[in-house]
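1. starting from these lines, generate the structure:
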Amino acid sequence: MFTALPDTDTFLPGCYADPRFSPAEGTWKDKKTLIKMCSPVLPTCTPCPFRAQCIRQVQPHPRRFDGVCGGRLWLDGQVIATADGADDEDLPLPGKARTVCGTTAGVAEHQNRGEQQCSVCADFTCAEAERAAAEAENAELSVAA
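-> Numbers count the residues shown, from 1 in each chain. This next block holds a predicted model:
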């Protein structure tokens, strides 16, 4: 839900000035508590058109942010949950290529940094999905025979 500032046409996202999206330090003690506090508000981000702008403004990874930003729940600057319908296109583009790109570790590094996958890691992810599907199909054929 979006609201307009009084006497203006400036619209704000539903999270504006809501402390549940970024709980103050000391109000939670561990990952489980943060998830319990923030999970109820995470769906607010699903229809929000400001997710990418939110991530650019807050810069959750470099600032080691804890809370909800851009349709994701962050802990110490790393994504620990994502709202249904949030798109990876909202995330910033990856930095320079890493030596681990094109591997499971490379895919995980992009996710940990809260960024889109590079083309090498995206290709690796697609290849892994195809390989897993082929293995599952072969397993079904072996059981049926």
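
2. from here on, contacts and neighbour counts on C-alpha atoms
-> OK.

3. what is the burial count for Pro19?
-> 11 (other Cα atoms under 10 Å).

4. what secondary structure does Thr33 sit in?
-> helix (DSSP: H, G, I helix; E, B strand; the rest coil).

5. how close does it sit to Thr27?
-> With distances taken as Cα to Cα, to the nearest Å, Thr33 is found 9 Å from Thr27.

6. now Gln117, nearest residue through space, not along the chain?
-> Counting by Cα to Cα, 6 or more residues apart in numbering, Gln117 lies nearest to His110, which is 5.8 Å off, once chain neighbours are set aside.

7. which residues touch the one you found?
-> Pro94, Gln116, Gln117 (Cα atoms under 8 Å, 6 or more residues apart in numbering).

8. show me where this protein has strands.
-> 3-4, 11-12, 67-69, 72-75, 78-82 (DSSP state E).

9. give me the low-pLDDT residue ranges for the chain?
-> Confidence mapping of the chain against pLDDT under 70 gives the ranges 1-10, 144-145.

10. which one's the longest helix in it?
-> helix 119-144 (DSSP state H).

11. how about that one: buried residues?
-> Across helix 119-144, burial judged by 16 or more other Cα atoms under 10 Å covers Cys121, Ala122, Phe124, Thr125.

12. who's in contact with the second one?
-> With contacts defined as Cα under 8 Å, 6+ apart, Ala122 is in contact with Gly102, Val107.

13. drop anything exposed from the contacts of His110.
-> Buried by 16+ other Cα under 10 Å: Pro94, Gln116, Gln117, out of the contacts of His110.

14. if we can go back for a sec, Gly70: which of the buried residues of helix 119-144 is nearest?
-> Within the buried residues of helix 119-144, proximity to Gly70 (Cα to Cα) peaks at Ala122, which comes in at 21.1 Å.

15. what are the buried residues along stretch 54-66?
-> Neighbour count says stretch 54-66 has Cys54, Ile55, Gln59, Pro60, His61, Phe65, Asp66 buried, by 16+ other Cα under 10 Å.

16. no further questions, thank you.
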